[in-house]
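Undergrad: no sequence on hand, only this structure:
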């Protein structure tokens with residue numbers, strides 16, 4: 001369990017105190033604050049995104065991660081994982097692309113670091129490029145994973161312009177197709193964005209009771225829900241009545257637990273696509289892949305503790321300004337918004353909380 005307590009805002013990383021349970025593995029995020037090596041994190045080299053695959057290894061080089069093994073408490077010592085359909089696995093889906101790869105690698109590293117049973121985690125990587133598998137294998141030699149190709153053409157004609165160009169990338173919509181991409185034997189999956197780190201045992205989120213719901217996520221019912229849709233949406237009864245008899249709340253689609261059995265049975269992918277088609281003709285929202293999820297699921301979400309998505313650390317969608325933590329305990333730190341910790345660290349203009357991301361960064365050659 002990780003508790004982060006705020007003393008007086010975010011003007012200094014020294015104002016953040018982190019206490020980790022002894023049951024967690026070493027290398028706590030607070031090390032980035034307390035360590036005399038913090039300066040080395042602030043001098044990480046930057047890279048430029050290129051579509052050329054032959055130089056990928058030169059541009060994106062990651063250090064090999066430590067080897068992570070199951071603790072004795074995991075039990076089933078004589079059980080050998082047989083494949084993706086093994087019932088003892090915890091399934092995690094993450095997208096991988098060159099631009100956000102550094103964030104994805106850090107997210108994977110953090111999950112393994114804090115898991116009691118890291119060998120029981122299976123990663124499902126959604127990609128639109130075919131040259132990343134060797135890089136992942138060299139960074140995490142013991143990792144259980146599989147690559148799933150997502151064809152950008154599936155959604156290219158459904159995507160509308162957004163407030164930020166990054167939100168228009170086809171791979172952002174791959175989460176809509178998890179039930180189709182993953183094996184039918186995978187009945188549940190945790191979906192995670194690439195701009196976060198997990199600082200608690202992910203099996204706790206995996207065990208979330210979804211009840212009759214198809215997805216689970218932290219909900220934020222104090223947020224102004226109306227702002228996620230245009231005035232034209234709310235004034236048109238054809239659209240606004242979709243929330244009739246519901247109590248919709250905002251939730252962030254970057255951290256979700258999905259029941260794929262129920263998703264496949266109901267056919268939620270088609271429902272999401274239908275709203276994207278309506279958006280093309282009627283312009284009912286401004287924000288990328290989030291609103292279609294809200295239209296289908298808001299008010300029908302199994303609530304997960306807020307500790308599992310301390311979101312908004314990347315600031316807003318324009319300026320990416322520094323943000324403070326929300327009150328309460330923390331199990332997952334999420335740099336949603338336009339400011340990404342690896343870019344701010346490289347630019348030598350980090351926000352204080354970016355120091356909590358730095359210990360999981362494996363970018364750069366071994367020394």
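TA: Looks like it came in fine. None of the values given here were measured: they were computed from a predicted structure.
Undergrad: which residue ranges of the stretch 101-250 of the chain form strands?
TA: Assigned by DSSP state E, counting those that start in this stretch, the strands in the stretch 101-250 of the chain fall at 121-127, 144-149, 188-192, 196-198, 215-217, 219-220, 250-251.
Undergrad: dump these to CSV, plus mean neighbour count and mean pLDDT.
TA: Any C-beta I mention is one placed from the backbone N, CA and C, and that applies to glycine too. Putting the strands of the stretch 101-250 of the chain into CSV (neighbours: other C-beta atoms under 10 Å; pLDDT from 0 to 100) gives the following:
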stretch, mean neighbour count, mean pLDDT
strand 121-127, 21, 97
strand 144-149, 15, 97
strand 188-192, 23, 98
strand 196-198, 27, 98
strand 215-217, 24, 98
strand 219-220, 18, 95
strand 250-251, 22, 96
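Undergrad: to residue 96, which of those lies closest?
TA: strand 121-127 (4.8 Å; C-beta to C-beta).
Undergrad: sec struct for residue 258, please.
TA: Secondary structure for residue 258, judged by DSSP: H, G, I helix; E, B strand; the rest coil, is strand.
Undergrad: so what's it up against?
TA: Applying C-beta atoms under 8 Å, 6 or more residues apart in numbering to residue 258 gives the contacts 178-179, 188-191, 214-215.
Undergrad: quick check: residue 339 touching residue 351?
TA: Yes - taking C-beta atoms under 8 Å as the definition, residue 339 is a contact partner of residue 351 at 7.0 Å.
Undergrad: what do those two both touch?
TA: Common contact partners of residue 339 and residue 351 (C-beta under 8 Å, 6+ apart): 313, 322.
Undergrad: what's the distance between the closest residue to residue 257 other than its chain neighbours and residue 356?
TA: Leaving out its chain neighbours, the residue that sits closest to residue 257 by C-beta to C-beta, 6 or more residues apart in numbering is residue 216, at 4.2 Å. Distance of residue 216 to residue 356, given as C-beta to C-beta, to the nearest Å: 25 Å.
Undergrad: just residue 211 next, same as before
TA: Separation of residue 211 from residue 356 (C-beta to C-beta): 33 Å.
Undergrad: same drill for the two, tell me which one is more crowded.
TA: Per other C-beta atoms under 10 Å, whichever of residue 211 and residue 356 has more neighbours is residue 356, with 29 against 8.
Undergrad: and the closest residue to residue 141 other than its chain neighbours, how far from residue 362?
TA: Sequence neighbours aside, residue 64 is the residue nearest to residue 141 in space, at 7.1 Å (criterion: C-beta to C-beta, 6+ apart). Going from residue 64 to residue 362 by C-beta to C-beta gives 8 Å.
Undergrad: which stretches in the stretch 101-250 of the chain count as helices?
TA: Per DSSP state H, counting those that start in this stretch, the stretch 101-250 of the chain carries helices over the ranges 101-114, 133-139, 153-156, 178-181, 203-206, 231-235, 237-240.
Undergrad: isn't residue 168 right up against residue 155?
TA: No - look at residue 168 against residue 155 with C-beta under 8 Å: they stay out of range, at 10.1 Å.
Undergrad: those two - which one has more neighbours?
TA: Legend: neighbour count by other C-beta under 10 Å for residue 168 and residue 155, higher for residue 155 (20 against 16).
Undergrad: rewinding a little: of the contacts of residue 258, closest to residue 268?
TA: Residue 268 lies nearest to residue 214 out of the contacts of residue 258, by C-beta to C-beta, at 6.6 Å.
Undergrad: just give the nearest non-adjacent residue to that closest one, would you?
TA: residue 262 (4.4 Å).
Undergrad: quick one: which helix or strand includes that neighbour?
TA: helix 260-266 (DSSP states H and E).
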